[in-house]
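Colleague: generate coordinates for the sequence data below:
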Amino acid sequence: MPTAASSTEPRPGPRPARPRHGPGRGRRLGDRLGDRLGDRLGDRLDRLPGGRHVVDLGHLLRLRGGATSGRGRRLLPVLLLGTLAVAVAPALAGQLGGRDDQRALEVLVVLPTAHAAFLALALVSAVASGGGRELLPREAATPYPVSTTTDHLGALVMAPLNIAWILQAWLLLGATAYAVGPEYLVAAQAVVVAWLLSATALAQVAAWLLEALRRRRHGVWAVRGLLGAACAVLGGLHLAGRLTDVLDRLPTDQLVLAGVGGEAGFSWRWAATLAVLVALGVGSVVAGAGAAALAARRAPREEAEAETGRRAVRRDPRTDLGALLRVDRASVWRAVPMRRGLAVLAVVPGLVAVLGAMPWSSAVILPGLVASGGALLFGVNAWCLDGRGALWRESLPVAPGWVFGARATVLAEALLAASGVTLLLATLRAGVPTAAEAAAVGSAWVVVVAQAVTASMTWSARAPYAVDLRSARATPAPPPVMVVYSAKLALTTTLTGVLFAALTQVPDWRLPLLLAAPFVLWSAVRLGRARDAWCDPHRRARVVTTVAA
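Modeller: Residues are numbered from 1 along each chain as shown. The predicted structure is shown next:
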């Protein structure tokens, strides 16, 4: 409600005079000019078809930006500068340092497969998160008339704020720059950028349609059947030895040919390809709005069953820790986003290991990727699982150290289970490991899980956020903050995996175990500090009041 003074309210005192000069005057003038320009732009957008949704999107972005810390707001310029450097530096470095033409040709050959892999990654990410990421949480959007089109546009804007999307896009831009060189750089990168945007929009359409199918009766099993059939087809092609032939015949080779044809890459094929990609992107945005409306008209069955389902009464646990563990496990495994996300994280890297016939020297990296991804589902803001129940949990006659231990234990169990399934799938092609390989894989598995749990519990107490994780599209922290968290976790776990991958070639199996000991001890020390921070009543009160808001 408005809080400005009305004409009938007395003035508390004389109004201070505005300075004619100085920084305050300039800021107020700049604010007024910005408001006027924003109002005029908003009025013009309102007159265009669909312009109202774009204006609403701007309001929601400013609303979400106000809840983001300064570090998160400074992330966007860093990402833009990093993207520009990745898109240009490989071409210039190859020219200055003497580019290997044979290596550039090899990179050029695999670029069509890389384009298709980006589309598959965008599709899996969108499907796993139920169509995208929520620009506004479900409960917060209840009193506001946020349309499904605005929600769809917000999902498109939030999709690139994902470390997997960013790394894949950087890999595609950097490989293209190295392969084509400075002569065809502008034309080729224009096609790549258009493909990144159109593929993201196309993946959102497919994700919304699958979400609409999932919300029908028996829709969950129908979607699982489709995913199982897709995995069976890929497995059949791989066993028949025809997967490489299928990848070579993908239409994405036209994207590469369009960027290197003609003088400096600019040709009629380049213009036609760019026009097709722009039309595909715009059409996907429009179609995605309709698919989002179709999904919104149907109730989310999985979320409703999780909240209204009947549970059998079990015996009371014998200890307080057992009761805490039971509540925490139920809050994780009954939540739709956690259950769906952990399943995707466990199966997809394992299938990649099977199709790629990864040896154990390469499969050592997989537990770190799965552990870092699983921690991003809820671990980086672990106390938000309680929600309003955090006030009730805090009133229980239980020592805060036991509460911390139960939450850390459940997080470790989830990460160990997901990465364990990945390693189990990797054994189908990697075979029985040697003693050195088994010791390196096991050590890396324990170390990366300990690192992910320690970092997650530390961040959870340091920077809590109020998030409703009942929605399948919810994230435990604002998207810019999630990018920072995912980058730190991915860097730490990947470097650890590379270190233990080198130890698979060492004949002495005891060396990986000796190297893992200091990592585990340091994680235990950091976890103890995080426990002490949680046991501090002032910090714990701040966390509880934040997540229960």
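Colleague: for stretch 336-352, which outside residues touch it?
Modeller: Contacts to stretch 336-352, defined as CB atoms under 8 Å, 6 or more residues apart in numbering, come from residues 124, 128-130, 231, 234, 300, 302-303, 306, 332-333, 358, 366, 369-370, 373-374, 377-378, 414, 417-419, 421-426, 469-474. Heads up, the C-betas are built off the backbone N, CA and C, glycines and all.
Colleague: quick check: Pro433 touching Ala426?
Modeller: No: taking CB atoms under 8 Å as the definition, Pro433 is not a contact partner of Ala426, at 9.8 Å.
Colleague: more crowded one of the two?
Modeller: Neighbours of Pro433 and Ala426, each counted by other CB atoms under 10 Å, are more numerous for Ala426; the result is 28 against 20.
Colleague: thought Ala357 was touching the more buried one, still the case?
Modeller: No: using CB under 8 Å, Ala426 is not in contact with Ala357, being 9.9 Å away.
Colleague: domain ranges for the chain?
Modeller: The chain breaks down by automatic domain parsing into domains covering 54-302, 320-547.
Colleague: just say which of those is most tucked in.
Modeller: For the domains of the chain, average neighbour numbers computed from mean count of other CB atoms under 10 Å are highest in domain 320-547, which has a mean of 19.
Colleague: and the residue nearest the centre of the chain, how far is that from Leu424?
Modeller: The residue lying closest to the centre of the chain (CA atoms, centre = their mean) is Asn162, at 4.0 Å. Distance, Asn162 to Leu424, using CB to CB, to the nearest Å: 27 Å.
Colleague: for Leu239, same thing?
Modeller: Taken as CB to CB, the span from Leu239 to Leu424 is 19 Å.
Colleague: same question, Asp320
Modeller: Counting by CB to CB, the gap from Asp320 to Leu424 is 34 Å.
Colleague: residue ranges in the stretch 351-500 of the chain under the pLDDT threshold?
Modeller: Scanning the stretch 351-500 of the chain with the threshold set as pLDDT under 70 gives 471-473.
Colleague: next one: the stretch 201-350 of the chain
Modeller: 262-264, 302-309.
Colleague: need the contact list for Arg388.
Modeller: By CB under 8 Å, 6+ apart, the residues touching Arg388 are Ala548.
Colleague: the one 3 residues further on now?
Modeller: Contacts for Leu391 (CB under 8 Å, 6+ apart) come out as 544, 548.
Colleague: what's the helix or strand for it?
Modeller: Taking DSSP states H and E as the criterion, Leu391 maps to helix 389-394.
Colleague: elements contacting whatever helix or strand comes next after that helix?
Modeller: The helix or strand immediately downstream of helix 389-394 is helix 400-430, counting by DSSP H and E. Helix 400-430 sits against helix 320-333, helix 336-355, helix 360-363, helix 366-378, helix 435-462, helix 510-535, with contacts defined as 3 or more CB pairs under 8 Å, 6 or more residues apart in numbering; DSSP states H and E.
Colleague: relative to helix 320-333, how tilted is the fourth one?
Modeller: If I follow you right, that is helix 366-378. 90 degrees (axes from the mean of the first three to the mean of the last three CA atoms, to 10 degrees).
Colleague: can I assume Pro317 sits in a helix?
Modeller: No: judged by DSSP: H, G, I helix; E, B strand; the rest coil, Pro317 forms no part of a helix; its state is coil.
Colleague: how near is it to Arg329?
Modeller: To Arg329, Pro317 is 11 Å away according to CB to CB.
Colleague: with Val336 instead?
Modeller: Going from Val336 to Arg329 by CB to CB gives 15 Å.
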